[in-house]
Each structure stands twice: as C-alpha cells, then as structure tokens.
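Student: sequence unavailable; structure follows:
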C-alpha cells in the first residue's frame, strides 16, 4: 500500500518526475508496454527504462512481469488511480480553458455491441466537437461492462442489464429480435415461424457475453430445442454476411437487419424476445470533459441519465 510519505514525495516531485509518471500511466492504461509504445509513438525500451527509473527512485515494484505479459502490483494499482485522477484533471482543465473559445478537446474511449447503433452518435459528436478524438471498440455487452468498470473505456452502449453502483445508464431504445434468413432459404417471404422450427437449422450467433446470445440460448433450453449446429461470430456484420451466403439463419435485433430485404426477415410467432439498449458510464468519470460533452449532446434531459443500474 502507498505510504503517506511516498504520496507526499510523489506530490512534491510531480514536476520533476512527470515524464516518468506519464510513462507508467500509459503502460498501466494500455495494459502492455507494446501497446503503450504504439500509442505514444516511442520505443518499448524507452518506456521500460522510464518505468524502471520510477521504480528505482521510490524503491517499489509497480508491475509484475511474466514474459510479455504484465500486471499491476498493489502499489501499482494505487499509483494508477492517482495518475488517472491527475491526467483526467489536466485534460478537464485544458478542455475548460480551451472550450471557452473552441469547444472541448480530448479523447473519448467508447465501446459498443454494434457499429450500426453508434454511427449517428459519433457523427453528431465529432461534428459538434471537431477538436475531440474518439476510439471505438466493438465487443459484446459483458466485455464492455468489464472495460467500463475497470476504467478502460469511458462510455459504452450495451444490451445487458447489470447491477453495479458505480455505473450509471441512459436508456436509448428497445427493439425486437427477428429471424434472419438468406435469399435462397425456404422461409424467405414467410411472415412468421414457430421458434421450435429452429431445431433443424444451422444457427449463426454472436459470441457468449452477448445479450442476444443469452436470450436465444435461454429460450432454446426452456423449450428443449437443439439446433443442427451453432456457428459463433464476434460481430454482427459477419453474422449478416454468412446468413446472406445461405450458410444458416440467425436471430438479430431489428437495427441489425435494417438494410436487409424485408422478405429475409421472419417474425417469431410464439416467442417474443426484445433487448433494451443502454448507454453506460462510470459515475466518477462523468466530469471528464469529452464524456460530459458527449452525454449532453446524446442524452436528452428527459432520459434517465442519473439512473443507477
């Protein structure tokens, strides 16, 4: 655990060791020396030397190294919490001052279960704040929740209900799930079908951790239905492509089928499945300038912005 004396020395020498602290922070934030070096456009050895110098100066171990993988020590985790607060505060201060003239600056890290859901949000945000930058990671709901909780993402769009007092949500939309078939499938042009008919089909689904995958498997199990086989993919675009190639059928949210021929969308007659899309973020990061601007722009005042999940 960080001692009071260590903390005091750290504060007193902040200006002297800022480069070393920035090196440590970038590695801790990126999760590896390689990723941090790429982000900062420096060599991996440069960061390694700087972190080593910081450890030597204060006589502590900040990372556990196992080959190419690293993990923060207890001291490292506490220091990372301090540096994250420091660098977030600096970014917020810069945005506050520069925003008086030209709008907020900074970087927003976002996760989403689908690019379809966020295109308009990103377009609106980047158009309103041209000096801000944004990184989008496509993943499943469970992974996004973990990354939000760990501070690896600033904001996420998910379809999974969770219970975490640190995380707040905005309800974006609710949508039904439909069966999606290829252009040569026998169900094409049918209005609806019973869920039990999936028993002899090849199902093309998202990976585990996806809310749609969980709903589909829950209903398959409850009705004791076993598909011919399941093909697992980690993005909706790939799911649509395989369905359109007549490899199998899928069950997708309406937003993921909006560009598909209506004849290839079949309603499930006897089982109703829907998902709710949430925008989530950690409460303690709400004052981050880019996130604050994003929330004001994207989330109308009448939505439950402060509702805790």
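Tutor: Alright, I've got the coordinates. The structure displayed is predicted, hence computed values, not measured ones.
Student: which stretches of the stretch 201-309 of the chain form strands?
Tutor: Along the stretch 201-309 of the chain, counting by DSSP state E, counting those that start in this stretch, strands occupy 202-206, 229-233, 250-253, 265-268, 274-282, 307-308.
Student: pick the most buried one from those strands.
Tutor: strand 250-253 (a mean of 25; mean count of other C-beta atoms under 10 Å). The C-beta positions use only the backbone N, C-alpha and C, and glycine is treated the same way.
Student: which outside residues touch that strand?
Tutor: Strand 250-253 is contacted by residues 114, 159, 175-180, 203-205, 212, 216, 236, 239-240, 242-243, 268, 273, 275 when judged by C-beta atoms under 8 Å, 6 or more residues apart in numbering.
Student: quick one: buried ones out of the residues you listed?
Tutor: For the contacts of strand 250-253, a burial check counting by 16 or more other C-beta atoms under 10 Å picks out 114, 159, 175, 177-180, 203-205, 212, 216, 236, 239-240, 242-243, 268, 273, 275.
Student: so which of those belong to helices?
Tutor: 212, 216, 236, 239-240, 242-243 (DSSP state H).
Student: need those in CSV with distance to residue 19 and pLDDT, can you?
Tutor: As requested, those are arranged in CSV below (distance: C-beta to C-beta, whole Å; pLDDT from 0 to 100):
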residue, distance to residue 19, pLDDT
212, 46, 93
216, 51, 95
236, 42, 90
239, 46, 94
240, 47, 93
242, 49, 96
243, 52, 96
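Student: of all those residues, which comes closest to residue 26?
Tutor: residue 236 (32.0 Å; C-beta to C-beta).
Student: close enough to count as contact, the closest one and residue 114?
Tutor: Yes: at 5.1 Å, residue 236 and residue 114 qualify as touching, with contact defined as C-beta atoms under 8 Å.
Student: overlap in contacts of the two?
Tutor: residue 256.
Student: in the protein, which spans are helices?
Tutor: Under DSSP H, the chain gives helices at 4-12, 18-30, 33-40, 44-58, 74-102, 115-128, 141-150, 211-222, 236-244, 289-298.
Student: residue 171: which of those is closest?
Tutor: Closest among the helices of the chain, using C-beta to C-beta: helix 289-298, at 12.2 Å.
Student: mind checking the pLDDT average for that closest one?
Tutor: When pLDDT is averaged over helix 289-298, the result is 83.
Student: show me the shaky parts of the protein.
Tutor: 1-16, 92, 94-105, 299-309 (pLDDT under 70).
Student: quick check: domain ranges of it?
Tutor: 4-88, 106-165+281-304, 173-275 (automatic domain parsing).
Student: now residue 160: phi and psi?
Tutor: Main-chain torsions, residue 160, degrees, to the nearest 10: phi -120, psi 120.
Student: any idea how far it lies from residue 54?
Tutor: 38 Å (C-beta to C-beta, to the nearest Å).
Student: do the same with residue 168
Tutor: From residue 168 to residue 54 the distance is 34 Å (C-beta to C-beta).
Student: could you do residue 84 as well?
Tutor: Distance from residue 84 to residue 54, by C-beta to C-beta: 16 Å.
Student: these two: which has the busier surroundings?
Tutor: Neighbour count, other C-beta atoms under 10 Å: between residue 84 and residue 54, residue 54 has more, with 19 against 16.
Student: neighbours of the closest residue to the more buried one other than its chain neighbours, how many?
Tutor: Of all residues not flanking residue 54 in the chain, residue 20 sits nearest, at 4.1 Å (C-beta to C-beta, 6 or more residues apart in numbering). When neighbours are counted by other C-beta under 10 Å, residue 20 registers 19.
Student: partner residues bridging residue 282?
Tutor: residue 167 (DSSP bridges).
Student: next one: residue 192
Tutor: residue 267.
Student: can you mark which positions in stretch 26-44 are buried?
Tutor: Under the neighbour-count rule (16+ other C-beta under 10 Å), stretch 26-44 has 26-30, 33, 36-37 buried.
Student: residue 22 and residue 65, how far apart?
Tutor: 20 Å.
Student: then residue 257?
Tutor: Residue 257 is 47 Å from residue 65, by C-beta to C-beta.
Student: sorry, back to before: among the helices of the chain, which is nearest residue 195?
Tutor: helix 211-222 (6.4 Å).
Student: any chance you could list what contacts the closest one?
Tutor: Contacts for helix 211-222 (C-beta under 8 Å, 6+ apart): 113, 140-141, 158-160, 177, 195, 198, 203, 205-208, 225-227, 251-253, 271, 273, 275.
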